[in-house]
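Asker: Sharing a model that was predicted from the sequence below.
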Amino acid sequence: MNIAAKPTPIQPLDRSLYSIDDEGLQFMKTQTGIQDTEELKEHVIAVQEEAYAIFPYNCIRKFAFINLKLGRLPAYKQLLTLGKERQGAIFLDIGCCFGNDVRKTVYDGFPIENVVASDLHPEFWELGHRLFKSTPKTFPVTFVPGLLSPEPGSIILGVHGGRHEKGFRTETGLHSATSVARGHPMFCHSPESWTELWDGQIFKKAR
């Protein structure tokens, strides 16, 4: 069955969607040097508006980029340990946007010289410097289109919507993806197809 994607109208920005948790707020204050909460909010919104004009990702519209997520994953401590104990270990953030998770990882101790950021829109990375009030000299993380390491012991961590059986998610409901709720089917992997993706499709099958 051929499922054609329907065009989705761009939703206008909504300042009332601004929400930041305590961890994110403290991190943003530390990184930007802006201590006044209202001033920080206006600063974030100004960058958000520029970014949304580049590409209207819903995560930008909903300010998802200011709440830290990577550090909440079970494998995050393993990532930091890998950076400290394994010589030459590289942390590659694919789809880094403004680089908030990259910056948190460096802040938590991963060697900055071994961090690589990647995104389809380099403008987001440039806006990240504005958001965090840094420069390529003060935050010298390499930005490239993206690489994946096949080195044994490498780990991939992140969040992805899934299904018991791979295929398009068409269900809608309280916890459905926003794109699905708007009528766009979203492809989801199953645990088996996700494993196969990395073990044999992208990299050589493990022996």
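Answerer: Done, it's in. All figures in this text were calculated on a predicted structure; none of them were measured in a lab. Numbering: from 1, shown residues only.
Asker: Could you list the low-pLDDT ranges of the protein?
Answerer: Residues of the chain that meet the criterion pLDDT under 70 lie in 1-9, 145-160, 171-185, 202-203, 206-207.
Asker: what about 80?
Answerer: Within the chain, the ranges that satisfy pLDDT under 80 run 1-9, 145-162, 168-187, 194-195, 197-207.
Asker: Now find how far off-centre the longest helix seen in the chain is within its chain.
Answerer: What stands out as the longest helix in the chain, according to DSSP state H, is helix 37-54. Centroid displacement of helix 37-54 relative to its chain, using Cα atoms, centre = their mean, to the nearest Å, is 18 Å.
Asker: Which strands and helices lie in contact with it?
Answerer: helix 22-32, helix 58-61, helix 122-131 (3 or more Cβ pairs under 8 Å, 6 or more residues apart in numbering; DSSP states H and E). Where you see a C-beta, it was placed from the backbone N, CA and C, and this is true even at glycine.
Asker: for these, which one sits closest to Trp198?
Answerer: helix 58-61 (23.8 Å; Cβ to Cβ).
Asker: Quick one: neighbours of Arg103, just the number.
Answerer: Neighbours of Arg103 under the rule other Cβ atoms under 10 Å: 26.
Asker: Quickly find the element holding the residue nearest to His43 when sequence neighbours are not counted.
Answerer: Excluding the flanking residues, the one nearest His43 by Cβ to Cβ, 6 or more residues apart in numbering is Ile34, at 5.9 Å. Element membership for Ile34 (DSSP states H and E) is empty, with no helix or strand holding it.
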